[in-house]
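K.L.:
Fold the stuff below for me.
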Amino acid sequence: MIDNESKWYYTIAWYTQGNKPSFEEEIQEMAQGHIAHLCEEQELLLKQIEMQSNSLKIKINSDIQLNINKLVKDLQKKLPAITDLVDEEKTLITTTSSDLSEKDRRLEKLLNSVIDAEYYDMEDSFTSQLEDLKSYLLAQKLSVIEKNDQIFLVDEEALNHEINLNCFACTKLYKYGCCCGSPCNLGPRNKKVFDKHLLNIEEEVKAYDEATYKKILAKGGFIASDGSINECDGHCALLVEEEGIYKCIAHSYALKRDIPIYEICPLSCLMYPLEIIELITNKQRKLLLLTSVVSEDFARRFGRWGSYNTLEVELRCINKKAHNDVFKEEDYRPVYKVNKDLLCHEFGSTFYESLEEVL
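P.N.:
Here you go, the predicted structure:
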């Protein structure tokens, strides 16, 4: 058995179908015995077994990189009573390393197989920058989370960066803030929901400012033929003013009617500075990169919003050192925590639990 100075850390989690309490005490005892025996047999350090009536989670440390998928299959062969009861789509595997100098051979192989990249929930590709992006990622500390057949690459430093999205305070100073310029596109899924509510949303804009409402209609309406949101006077057509504060009418409309904002608003508006990029491999498999655009270099080269320095506003929201009486230091939190609801909505609460473990 290896010592505590392990370089590789693995967590494997299984969940029952429908989270039903299916693991009886006898099954739990049997599973713990088999897991302990297999780890001892393969000279792995079994750090923890956490078993409840509806889930089984194990943590394993190793001084060498494992073929973790083979290990999971070996465990499942030993645990047929567990395997028959679990929901395979909820099975989660996380891989992380404590040593940046220790190359992740599997991660390198995955990144080398990438032939295209697109922004999540958009159809914008940036293939011309692909090699630069791959080189950048190979230099980062990335952990891997696997959920069924989906692989997530987690940029630990970028997601742990602390932010404070005090948008109302910002718009008081800078009027439109981040919502000036070209509006974000609606993804196909959100556009279907948005279209159902478009007439009601238009009526709400009309109630706030009828002159602006008529101007938007005269310029082609709120939504362009390609599905993008139109501009009006240099800002998103969905921005309305209320008591000196500019806000998104779609966001406000959704909150009033208990519609999840992640179903009706463009995700690109809601995730900043979180960035999610789809990496497509030569086998047409999609890897999802979870990172953020808190680095100016990354934002300018790879971020969907480009450089925010061009807005000529103080980016206190992503610069904790610039905190003041309004952007209070104690209100800054990691990117992944600020975006918890979005991540849970898109990928599930069990995925978010694994993300928390990694970060």
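K.L.:
domains for this protein, by residue range?
P.N.:
The record's domain parsing of the chain by automatic domain parsing lists 8-159+350-358, 175-270.
K.L.:
between the ones you listed, which gets nearest to residue 341?
P.N.:
With distances scored as CB to CB, the stretch of the domains of the chain nearest to residue 341 is domain 175-270 (7.4 Å). In this view, the C-beta of every residue, glycine as well, is placed from N, C-alpha and C.
K.L.:
Now the closest one: average pLDDT?
P.N.:
Averaged over domain 175-270, pLDDT sits at 89.
K.L.:
Kindly check the end-to-end length of it for me.
P.N.:
Using CA to CA, to the nearest Å, one end of domain 175-270 lies 18 Å from the other.
K.L.:
Ok, stretch 322-329 next?
P.N.:
End to end - CA to CA - stretch 322-329 spans 9 Å.
K.L.:
Using TSV, please lay out the domains of the chain together with distance to residue 299 and mean neighbour count.
P.N.:
As requested, those are exported to TSV (distance: least, CB to CB, whole Å; neighbours: other CB atoms under 10 Å):
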stretch	distance to residue 299	mean neighbour count
domain 8-159+350-358	11	16
domain 175-270	12	16
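K.L.:
With distance to residue 291 added, can I get those in TSV?
P.N.:
Shown next, in TSV, are the domains of the chain (distance: least, CB to CB, whole Å):
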stretch	distance to residue 291
domain 8-159+350-358	4
domain 175-270	15
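K.L.:
of all those, which lies closest to residue 315?
P.N.:
When the domains of the chain are compared by CB to CB, domain 175-270 sits nearest residue 315, at 9.7 Å.
K.L.:
Centre of the chain to the closest one, how far?
P.N.:
Mean-position distance between domain 175-270 and its chain equals 23 Å (CA atoms, centre = their mean, to the nearest Å).
K.L.:
cool, and stretch 153-163?
P.N.:
Relative to its parent chain, stretch 153-163 has a centroid offset of 10 Å by CA atoms, centre = their mean.
K.L.:
cool, stretch 329-336 as well?
P.N.:
The answer for stretch 329-336 is 16 Å, by CA atoms, centre = their mean.
K.L.:
cool, and stretch 75-89?
P.N.:
Relative to the centre of its chain, stretch 75-89 is centred 28 Å away, using CA atoms, centre = their mean.
K.L.:
residues in contact with it?
P.N.:
Stretch 75-89 is contacted from outside by 12, 14-18, 22-23, 27, 30-31, 34-35, 38, 56, 147-148, using CB atoms under 8 Å, 6 or more residues apart in numbering.
K.L.:
Take these and keep only those in helices.
P.N.:
Using DSSP state H, the members of those that fall within helices are 27, 30, 31, 34, 35, 38.
K.L.:
Which one of those is nearest to residue 329?
P.N.:
Distance to residue 329 across these (CB to CB) is lowest for residue 35, with 43.9 Å.
K.L.:
residues contacting that closest one?
P.N.:
So residue 35 contacts 46, 49, 58, 75, 78, 79 (CB under 8 Å, 6+ apart).
K.L.:
again with residue 251
P.N.:
261, 265, 269.
K.L.:
what's downstream of the one helix or strand it maps to, the next helix or strand?
P.N.:
Per DSSP states H and E: residue 251 is located in helix 249-256. Sequence-wise, the next helix or strand downstream of helix 249-256 (DSSP H and E) is helix 261-264.
K.L.:
Which other helices and strands does that next one contact?
P.N.:
Using 3 or more CB pairs under 8 Å, 6 or more residues apart in numbering; DSSP states H and E, the elements in contact with helix 261-264 are helix 188-208, helix 249-256, helix 340-347.
K.L.:
Need the distance between the two termini of stretch 270-285.
P.N.:
For stretch 270-285, the first-to-last residue distance is 26 Å (CA to CA).
K.L.:
Tell me the gap between that stretch and the middle of its chain.
P.N.:
The gap between where stretch 270-285 is centred and where its chain is centred comes out at 9 Å by CA atoms, centre = their mean.
K.L.:
before we move on, what about stretch 10-25?
P.N.:
Taking CA atoms, centre = their mean, the mean C-alpha location of stretch 10-25 is offset from the chain mean by 24 Å.
K.L.:
Please report how far residue 113 lies from residue 280.
P.N.:
9 Å (CB to CB, to the nearest Å).
K.L.:
likewise residue 337?
P.N.:
Here residue 337 is placed at a distance of 29 Å from residue 280 (CB to CB).
K.L.:
Residue 138 too?
P.N.:
On the measure of CB to CB, residue 138 and residue 280 end up 17 Å apart.
K.L.:
just residue 105 next, same as before
P.N.:
Noted for residue 105: a distance of 21 Å to residue 280, by CB to CB.
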